[in-house]
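Participant: no sequence on this one, just coordinates:
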Ligand code: S3P
């Protein structure tokens, strides 16, 4: 398995802010799949959705996943939908340890609505977004580790991720 840390989870889970701080604490580089896409395309995610549509964005994500396989020792924050395609959990778990940042739908939804422009929320009712969240959970559940963000600030979530990443003593080499 690759030695990257891959953060997955729904919009509003805090993947970017947690990833940035986690990378700093671990002394590693930080990479965001959405940034890789905007850098390659020369336009923002909302622009890509508006001008080329969601299908094109998903194709760019596919390309990005291939590039991620070349990374080593980095912390990666993924876009909320990137992990939720057939075969993705397997591919990403081969790249590194996949950590699902989870939380209650209400909190994730409010956070996602407040912060940033998110094309997947535009034109969708709350119930439709809840259905999307529900459908995606089947994928997120296939992460290696799950860390609950409920009631925790970024610093506390990073602490919980670091703890979860620590090798379990009974799995350590040479332990009895
Ligand atoms: C998406 C989530 C976004 C971004 C794009 C699509 C999704 O990232 O990749 O707008 O399908 O959930 P965040 O999870 O960082 O908001």
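Facilitator: Everything's here; your move. This one's a predicted model, so the numbers in the text were calculated from it and none came from an experiment.

Participant: so which strand or helix has residue 152?
Facilitator: Using DSSP states H and E, residue 152 maps to neither a helix nor a strand.

Participant: What residues does it make contact with?
Facilitator: Neighbouring residues of residue 152 by Cβ atoms under 8 Å, 6 or more residues apart in numbering: residue 160. Placement of C-beta: from N, CA and C, glycine included.

Participant: Can you give me the buried ones in stretch 129-143?
Facilitator: Using 16 or more other Cβ atoms under 10 Å as the burial criterion, the residues of stretch 129-143 that qualify are 129, 132-133, 136-137, 139-140, 142-143.

Participant: now the strands: where do they sit in this structure?
Facilitator: With DSSP state E as the criterion, the chain has strands at 4-8, 30-32, 75-77, 96-102, 145-148.

Participant: would you turn those into TSV with mean neighbour count, mean pLDDT and distance to residue 108?
Facilitator: Below are those laid out as TSV (neighbours: other Cβ atoms under 10 Å; pLDDT from 0 to 100; distance: least, Cβ to Cβ, whole Å):
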stretch	mean neighbour count	mean pLDDT	distance to residue 108
strand 4-8	26	98	13
strand 30-32	20	98	18
strand 75-77	27	98	15
strand 96-102	23	98	9
strand 145-148	16	98	12
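
Participant: Now render the ones you listed as TSV, adding distance to the ligand.
Facilitator: Written out in TSV, the entries for these read as follows (distance: least, Cβ to the nearest ligand atom, whole Å):
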stretch	distance to the ligand
strand 4-8	9
strand 30-32	8
strand 75-77	7
strand 96-102	10
strand 145-148	16
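
Participant: could I get the buried residues of stretch 129-143 as CSV with distance to the ligand?
Facilitator: Shown next, in CSV, are the buried residues of stretch 129-143 (distance: Cβ to the nearest ligand atom, whole Å):
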residue, distance to the ligand
129, 9
132, 8
133, 9
136, 8
137, 13
139, 11
140, 11
142, 17
143, 15
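
Participant: Kindly state the pLDDT recorded for the residue of the chain found nearest the ligand?
Facilitator: Distances from the chain to the ligand, computed as Cβ to the nearest ligand atom, single out residue 79 as the nearest residue at 2.2 Å. Among the per-residue scores, residue 79 shows a pLDDT of 98.

Participant: Close to the ligand: what parts of this structure are there?
Facilitator: The interface of the chain toward the ligand, taken as Cβ under 6 Å from any ligand atom, is made up of 11, 15, 34, 45, 79-81, 118-120.

Participant: the helices in the chain, which residues?
Facilitator: 15-26, 33-41, 45-52, 54-68, 88-95, 105-114, 126-140, 154-165 (DSSP state H).

Participant: nearest to residue 147, of these?
Facilitator: With distances scored as Cβ to Cβ, the stretch of those nearest to residue 147 is helix 154-165 (4.9 Å).

Participant: among the helices of the chain, which is the most enclosed?
Facilitator: For those, the stretch with the most neighbours on average is helix 15-26, a mean of 20; neighbours defined as mean count of other Cβ atoms under 10 Å.

Participant: Brilliant, that's me finished.
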